[in-house]
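Participant: Sequence first, then the predicted structure, then my questions.
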Amino acid sequence: MIRKKRVVITGMGLITPIGIGKDEFWSALISGRSGIKEINSFDTSFYSSRLGAEISGFNPQDFIEKKTTGSLDKASQFGLAAAKMALEDARLELKKEEREKAGVIIGTTTSVYNSCGDEKTGKTIPNIISGEFSLGGSSVLLTTSCAAGTYAVGESFDCIRYLDAEIMLAGGLDTLLEISHCGFSALRSLAKKCCSPFDRRRSGLVIGEGACVLILESLEHALNRNANIYAEISGYGLNCNASHITSLDINGEEAANSIRAALLDAGIKPKDVDYINAHGTGTVANDLMETNAIKKAFGDYAYKIPASSIKSMLGHSFGAAGAIEAATCALVIGNGILPPTINYEEPDPACDLDYVPNSSRKKEVGVALSNSFAFGGVNSCLVFSKYRNK
Amino acid sequence: MDEHIVVSGIGIISPAGNNTTAFWEALCEGRRKTNKITDFNPRDFIQHISMRHLSRLTSFAVAASRLAIKEAGVIIDDDNSRLTGVVLGNTYRGWSSNTQLYQQMSEDSLKRINPFLFPSTVPNSVAGQIAIELGIKGPNTSLVTGYACATDAIGYALNYLRRHKADIIIAGGAEELTSESAEYFKGVIPGEGAAMFNMETLENNRLRSMQGCIEIAGYASTYDVETEKGAQRAVNMALEQAGVKPQEVDYINTEDNDPAKSIIGHTLGAAGAFSAAVCILAMRNNLIPVSGKMQGKDVKVSLSVSSDPSGNHACLVFRKI
């Protein structure tokens, strides 16, 4: 039998439309501030929607030396800045032998390669992060689209608990591109007026951008250096609908199976889950499917678990979303406050769970679940717990 | 490790032929074939998914996956679909669907793009289509680590199987050749194709023939811009994990000596999968390629080592059962 190590989150770096850095992000999130506005970066007059969640006020030189930023595109700057913030937040000073084993796993949908500078080297964004901090562990870019950030955290969690890694940088990022807006517009998936997940009049998603990198550490390593522990990662479940590339399986059976798999992996009973960070994109199909999946996985108890969608404020930042939502779960556990689903006005009889409508709520959270359901029918879920010395 | 993981089927779509035998014969002949796949009809392999807007890349990957499960004698049905997964490595260099989509957006004055084309430009749509075609409902993962990505994909599959996330995984790499992808090659001849493997726990294979099954005993991946150091570290870690001493290794396939590259070109993200295929076929046939010729040798242990100039390195250890 393989000896499993316990894994904790000890640092986070965030770049989001509602704030840069965890403090700015968290205070905006619990006050229900939206980062969604009319898109500035390209002409939206051809499209059904003008809305997007763009990042403003990001100055790469606050984080990265000028000579490095010049050869980096925006996505790589996001990645490197988020990684730097996370390492500083964790107060992690790595020794040479620790650097050699530390790995980087980043999830994305569109930002595969740094498209600036010396393109011949073909560096992926995790390569740039590994190189900048001289990390010698595996350096992998996961491309499981809208679930990629969740996958990156899950795979990094497994690298520590099953393999000899002690420290992993795990995260996700994507930038707001016209091609994504254009694509979702063609699929008629964009929200017209606002992003209102689970509301009866919800009309679609809003595309966003962002980056989040988490520091994952073996519990032993974290305790040895007296690190601040945000939360423990307890379970990771993943599967696939295998039905259609874009259409969802509305009854939510496979999504429910990925929730069950994550809970089983964590050894946590459904009734011990205190909060769900929903995928909640705001499309008619996703929110109904997810509601059905939660009901299938939790039975009657589903009505007692608050489940909110922070995409109502951040839009859908694809590869970044899962990582930002993982950070959110850790902050929810640490602060005992649930972020709201904003723009929630008219209940949908088919979506009848507690979505933490419009304002944040105080609640002690021992266990939080984060859901991600993506293109390609890919589902992945993570379970986070309050760290307790068992 | 208490669980043995084996490769029980190989599926190959390549410029040297669309089956394992043709690929092996080309290797034995040692003659340079074309680097472009010309003799391939997706309909011969693909039964369920729609052919419209299916990129060459996707059709190679799906076809090779079907061949791999066929060679293994695996049938995917309601009993095992949730315990079967897919892991795919691909570099997304000049993917034709993506290029087409950007072209549509820039050429159409109203920025109308084909809504059926857009989903096939999402990077994990290839692995998604494999799952849909074969009815695979377990873990479905896509990754990019440059030339090492198929090696890493097989390694991820190995880890999923060891961790009981699945009993069967179809893993490997695929790449299509476009004018854009050719631009990234300086000094090497790019190729295209897909090599996919039916990997499973030995326990899962117990009711079928073990003939041709080769164990994957170790995997490690590292990052280092100094290729020699990074690759060496990956090899050491993978050997240690497999419990194999360096002197027990009978054959090593590396970026520099891989005969597949001289037959079909460098297949980028699929290169690691073709390298793994060379290792497995060498072990099945007791022949190793030595400077363009086959030499008889009982290959009990072989290594596949992949390195990307950007710093990714990965190593797999194969062992005869």
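Facilitator: Received, thanks.

Participant: quick one, what contacts residue 192?
Facilitator: Defaulting to chain A. Contacts here follow Cβ atoms under 8 Å, 6 or more residues apart in numbering or on different chains; on that basis A:K192 touches A:S48, A:S49, A:S203, A:G204. Quick note: C-beta positions are derived from backbone N, CA and C, even for glycine.

Participant: I was thinking of chain B, sorry if that wasn't clear
Facilitator: Here B:E192 is in contact with B:P15, B:N35, B:K36, B:I37, B:R56, B:F60, B:E175, B:E176, B:L177, B:G265, B:T267, B:A270 (Cβ under 8 Å, 6+ apart).

Participant: got a pLDDT number for it?
Facilitator: Taken from the predicted model, the pLDDT recorded for B:E192 is 94.

Participant: Kindly report the same for A:E119.
Facilitator: 56.

Participant: Kindly indicate which of the contacts of A:K192 lies nearest B:A166.
Facilitator: Each of the contacts of A:K192 was scored against B:A166 by Cβ to Cβ, and A:G204 proved nearest at 34.0 Å.

Participant: Relative to A:R188, how far out is the closest one?
Facilitator: 8 Å (Cβ to Cβ, to the nearest Å).

Participant: So for these two, which sits in the more crowded spot?
Facilitator: When A:G204 and A:R188 are compared for neighbours, A:G204 comes out ahead with 25 against 11, by other Cβ atoms under 10 Å in any protein chain shown.

Participant: residue contacts, that one?
Facilitator: A:S49, A:F184, A:R188, A:S189, A:L190, A:A191, A:K192, A:C195, A:G282, A:T283, A:V284.

Participant: Where does the stretch 1-150 of chain B get nearest to chain A, which residue?
Facilitator: Taking Cβ to the nearest Cβ as the measure, the stretch 1-150 of chain B has B:G128 as its residue closest to chain A, at 2.8 Å.

Participant: Contact partners for that residue?
Facilitator: With Cβ under 8 Å, 6+ apart, B:G128 has these contacts: A:C240, A:I245, A:F375, A:G376, A:G377, A:V378, B:N140.

Participant: show me the contacts for B:K245.
Facilitator: Contacts for B:K245 were tallied using Cβ under 8 Å, 6+ apart; they are B:L239.

Participant: pLDDT score assigned to it?
Facilitator: On the pLDDT scale, B:K245 is placed at 98.

Participant: for the stretch 151-300 of chain B, which spans come out with low pLDDT?
Facilitator: Counting by pLDDT under 70, the low-confidence segments of the stretch 151-300 of chain B come to B:184-187.

Participant: all strands of it, in order?
Facilitator: Using DSSP state E, counting those that start in this stretch, the strands assigned to the stretch 151-300 of chain B run over residues B:168-175, B:193-201, B:214-223, B:251-253, B:287-290, B:293-296.

Participant: What about B:G73, how many residues nearby?
Facilitator: Using other Cβ under 10 Å, B:G73 has 13 neighbouring residues.

Participant: now it, nearest residue through space, not along the chain?
Facilitator: B:R208 (5.0 Å; Cβ to Cβ, 6 or more residues apart in numbering or on different chains).

Participant: mind listing what the nearest residue to the residue of the stretch 1-150 of chain B closest to chain A once chain neighbours are set aside touches?
Facilitator: When the adjacent residues along the chain are set aside, B:G128 lies closest to A:G376, with 2.8 Å between them (Cβ to Cβ, 6+ apart). For A:G376, the residues meeting the contact criterion (Cβ under 8 Å, 6+ apart) are A:T144, A:S145, A:C240, A:I245, B:V122, B:N124, B:S125, B:A127, B:G128, B:Q129, B:A131, B:N140.

Participant: can these go into JSON lines with extra columns for pLDDT and secondary structure?
Facilitator: Output for the contacts of A:G376, formatted as JSON lines (pLDDT from 0 to 100; DSSP: H, G, I helix; E, B strand; the rest coil):
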{"residue": "A:T144", "pLDDT": "94", "secondary structure": "coil"}
{"residue": "A:S145", "pLDDT": "91", "secondary structure": "helix"}
{"residue": "A:C240", "pLDDT": "94", "secondary structure": "strand"}
{"residue": "A:I245", "pLDDT": "76", "secondary structure": "coil"}
{"residue": "B:V122", "pLDDT": "88", "secondary structure": "coil"}
{"residue": "B:N124", "pLDDT": "92", "secondary structure": "coil"}
{"residue": "B:S125", "pLDDT": "92", "secondary structure": "helix"}
{"residue": "B:A127", "pLDDT": "96", "secondary structure": "helix"}
{"residue": "B:G128", "pLDDT": "94", "secondary structure": "helix"}
{"residue": "B:Q129", "pLDDT": "94", "secondary structure": "helix"}
{"residue": "B:A131", "pLDDT": "96", "secondary structure": "helix"}
{"residue": "B:N140", "pLDDT": "97", "secondary structure": "strand"}
